[in-house]
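Q: No letters, just coordinates:
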């Protein structure tokens, strides 16, 4: 199982980015996938997850839900994270990982991690 994240970069506050997480080595159809981020000097935290089978989504909190959108493309085995109205505090390395994510339970990430994609918000 391998995840490859991409789409990060340097953006100004208020801008947008779309991150991609491409999975290979297994089908995502029976899994949930989560996006996580690690800001400088902080622990890695969950941002959002999506159930690949039915599209159920979960966001870490209301502030994330207001600006982040997680989606998936089953045919491409890829999960996306759209971040709008970027803020300085969004600066972090973003990772994806397998994660149970359904209406009854949102679990901890498991399995392998990708190398991450760096998002830097700066004016």
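A: Yes, it's here. Remember, predicted model here, so these are calculated numbers, not experimental data.
Q: Mind jotting down where the helices sit in this structure?
A: 62-67 (DSSP state H).
Q: Show me the shaky parts of it.
A: Low-confidence regions of the chain, defined here as pLDDT under 70, cover residues 27-29.
Q: Report the separation between the residue nearest the centre of it and residue 123.
A: Central residue of the chain (CA atoms, centre = their mean): residue 35, 2.4 Å from the mean position. Shown here: residue 35 relative to residue 123, a distance of 24 Å by CB to CB, to the nearest Å. Where C-beta positions appear, they are placed from N, C-alpha and C, glycine not excepted.
Q: need the contact list for the residue nearest to the centre of the chain.
A: When the contact criterion is CB atoms under 8 Å, 6 or more residues apart in numbering, the partners of residue 35 are 19, 21, 46-49, 70, 79, 81, 94-96.
Q: Could you do residue 116 as well?
A: Under the criterion of CB under 8 Å, 6+ apart, the neighbours of residue 116 are 5, 38, 93-95.
Q: Neighbour-wise, which one of the contacts of residue 35 leads?
A: Using other CB atoms under 10 Å as the neighbour criterion, residue 96 leads the contacts of residue 35 with 29 neighbours.
Q: what's the closest non-adjacent residue to that residue?
A: Counting by CB to CB, 6 or more residues apart in numbering, residue 96 lies nearest to residue 21, which is 3.5 Å off, once chain neighbours are set aside.
Q: what does residue 55 give?
A: Among residues not flanking residue 55 along the chain, residue 72 sits closest, at 7.0 Å (CB to CB, 6+ apart).
Q: Quick check, that neighbour in contact with residue 33.
A: Yes: here residue 72 lies in contact with residue 33, judged by CB atoms under 8 Å, at a distance of 7.2 Å.
Q: In terms of neighbours, single out the busier of the two.
A: Neighbour comparison, residue 72 and residue 33: the larger count goes to residue 33, with 24 against 21 (by other CB under 10 Å).
Q: which residues does that one contact?
A: Applying CB under 8 Å, 6+ apart, we find residue 33 in contact with 21, 23, 49-50, 52, 72, 79, 96-99, 101.
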